[in-house]
Each structure stands twice: as structure tokens, then as C-alpha cells.
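K.L.:
pasting a predicted model and its sequence here:
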Amino acid sequence: MATQGQIAKSNRKPKFSTRVVRRCWKCGRKRAYMRDFKLCRICFRELASKGEMPGVTKSSW
């Protein structure tokens, strides 16, 4: 869980475009972020397994 200070710092406009910090909208995690869903891998997996993400199915074979 990200602290309020870390979230506020990453919301600011960076000096250079490569310094943009993208965070998960649910928990605030910055690592293992998926741009397509705007989620980290942990939150993505939780929502996908619950079936709350449209178009995402759990694979089984």
C-alpha cells in the first residue's frame, strides 16, 4: 500500500516524460503495473478471478 506522500508525489507533473510514475488505481502499487487495465498484477488477478473484469476469462486446459 502506497503512502499518501508517495501518491501525491507521483501525481505531480514530472520534469521529464520518462519519469512518469503510473500507479494502480485500487491499491497504489507502482511495480508490475498493466497499462491496459490501469491495475497492478495482484489487483488484476483478484478482479479477474472474481469475474468482475469484462472480457477477461481464466484459462484452463
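P.N.:
All right, it came through fine.
K.L.:
next one: stretch 5-18 to chain centre, how far?
P.N.:
Chain-centre distance of stretch 5-18: 15 Å, with CA atoms, centre = their mean, to the nearest Å.
K.L.:
after the least confident helix or strand in the chain by mean pLDDT, which helix or strand is next?
P.N.:
Every helix and strand of the chain was ranked by mean pLDDT, DSSP states H and E. The lowest is helix 4-11, at a mean of 90. Sequence-wise, the next helix or strand downstream of helix 4-11 (DSSP states H and E) is strand 33-34.
K.L.:
can you spell out which helices and strands pack onto that following strand?
P.N.:
strand 39-40 (3 or more CB pairs under 8 Å, 6 or more residues apart in numbering; DSSP states H and E). Heads up, the C-betas are built off the backbone N, CA and C, glycines and all.
K.L.:
just checking: what are the partner strands of the strand it packs on?
P.N.:
When pairing is defined by DSSP bridges, strand 39-40 lines up against strand 33-34 (antiparallel).
K.L.:
mean confidence for the partner strand?
P.N.:
In this model, strand 33-34 has an average pLDDT of 96.
K.L.:
hang on, the earlier thing: what residues of the least confident helix or strand of the chain count as buried?
P.N.:
S10 (16 or more other CB atoms under 10 Å).
K.L.:
and stretch 27-37, by the same measure?
P.N.:
Buried residues in stretch 27-37 (16+ other CB under 10 Å): 28-29, 33, 37.
K.L.:
now render those residues as CSV, adding distance to P14.
P.N.:
Listed next are the buried residues of stretch 27-37 as CSV, based on distance: CB to CB, whole Å:
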residue, distance to P14
G28, 17
R29, 19
Y33, 16
F37, 22
